[in-house]
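>>> could you look at this predicted model? Sequence included:
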Amino acid sequence: MLGLHIDSITINNGDSIFKNYLQLQNPDLWSSNCTRITDSTWVGVKVIVNSLDNYFINKLGDTVLIKPNEQVNNSWTMFRNDSVVIEATIDSISTKDILGNSSNIKYISMNFMDTNGTFINHDLQGQQLMLSEDFGLIETYSFFNFPADTERFSLVLKEKFNAQTIFDFNIGDVFHTRNITYLPDWGTYTHDQLYEIKTVTNKAVSNNGDTIIYGYDAKLFLREYYSTPDTVISDTTIYIGYKEEVIILSERPRLELFANQITGE
């Protein structure tokens with residue numbers, strides 16, 4: 001779940017330049033152990049918008065161009081670098097229900113070519129973006145690492161999570177959690193998996209709404225596996241019975257933030 005929350009806008013010669021909130025980012029430029037503070041996210045380092053076009057700038061400074069005003073069968077150069085050229089085409093326009101509202105959708109396909117115009121193989125070859133008239137990009141890929149990053153994103157919410165919404169459980173909700181520990185064993189490996197299954201049986205909320213007490217019907221057991229292929233060696237029940245959890249919402253302020261957002265503390 002990745003967030004988008006524009007916290008700065010500048011105007012330059014009719015262009016609106018949008019930047020996202022500050023966050024920790026692994027640039028993958030020097031070492032997988034390096035991180036840096038940046039206002040980049042899946043939409044890129046910044047987004048430039050004018051009356052005709054949208055420009056998404058990736059981490060290398062290359063531009064991903066979206067032309068929202070193009071009509072069916074129209075094409076343009078969406079992206080270009082020293083090794084690849086991506087041509088975008090409006091395949092079709094139709095209506096679709098988005099977050100409970102009907103919206104016109106443009107389906108934009110991508111075709112990958114080398115710099116000589118010869119089609120090449122790529123994981124995103126022929127894939128489509130979905131652009132809503134009312135909600136913007138609702139199906140897209142990460143522009144920060146574009147076109148190397150092939151993870152697809154879908155718009156699913158209009159509001160962010162916070163502690164109150166995250167810990168709003170109902171009686172009868174069931175939670176399964178698992179913790180895995182790997183242990184060396186004479187050249188092979190066994191690993192333990194600690195399972196917990198909890199069913200909410202009761203809920204109490206303080207008068208000010210800041211404290212929530214949940215009661216659970218809980219079962220905790222340890223399952224031991226043997227290397228490859230995974231073979232269950234044993235199941236050991238550790239606990240069966242009632243479990244209580246106290247959640248104080250005001251003690252979880254970081255849940256008010258967006259994904260990877262930093263506060264400057």
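Alright, I've got the coordinates. These figures come from a predicted structure and were not determined experimentally.

>>> can you list the weak-confidence ranges in the chain?
In the predicted model of the chain, residues 25-39, 157-160, 182-190, 226-230, 232, 263-265 satisfy pLDDT under 70.

>>> is residue 250 located within a helix, as I assumed?
Yes - under DSSP: H, G, I helix; E, B strand; the rest coil, residue 250 sits within a helix.

>>> strands of the stretch 51-200 of the chain, start to end?
Using DSSP state E, counting those that start in this stretch, the strands of the stretch 51-200 of the chain run over 54-57, 63-66, 75-80, 85-98, 101-113, 128-132, 136-141, 152-154, 174-185, 188-205.

>>> which of these sits closest to residue 237?
strand 188-205 (10.1 Å; Cβ to Cβ). Where C-beta positions appear, they are placed from N, C-alpha and C, glycine not excepted.

>>> any buried residues in that closest one, and which?
190, 192, 196, 197, 198, 200 (16 or more other Cβ atoms under 10 Å).

>>> excluding its backbone neighbours, what's nearest the last one?
On the basis of Cβ to Cβ, 6 or more residues apart in numbering, the spatially nearest residue to residue 200 that is not a chain neighbour turns out to be residue 173, at 4.6 Å.

>>> CSV for the strands of the stretch 51-200 of the chain, including distance to residue 12?
Converted to CSV, the strands of the stretch 51-200 of the chain look like this (distance: least, Cβ to Cβ, whole Å):
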stretch, distance to residue 12
strand 54-57, 12
strand 63-66, 15
strand 75-80, 22
strand 85-98, 25
strand 101-113, 26
strand 128-132, 24
strand 136-141, 21
strand 152-154, 28
strand 174-185, 49
strand 188-205, 50
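
>>> residue 222 is nearest to which of these?
Of all the strands of the stretch 51-200 of the chain, strand 188-205 sits nearest to residue 222, with 5.5 Å by Cβ to Cβ.
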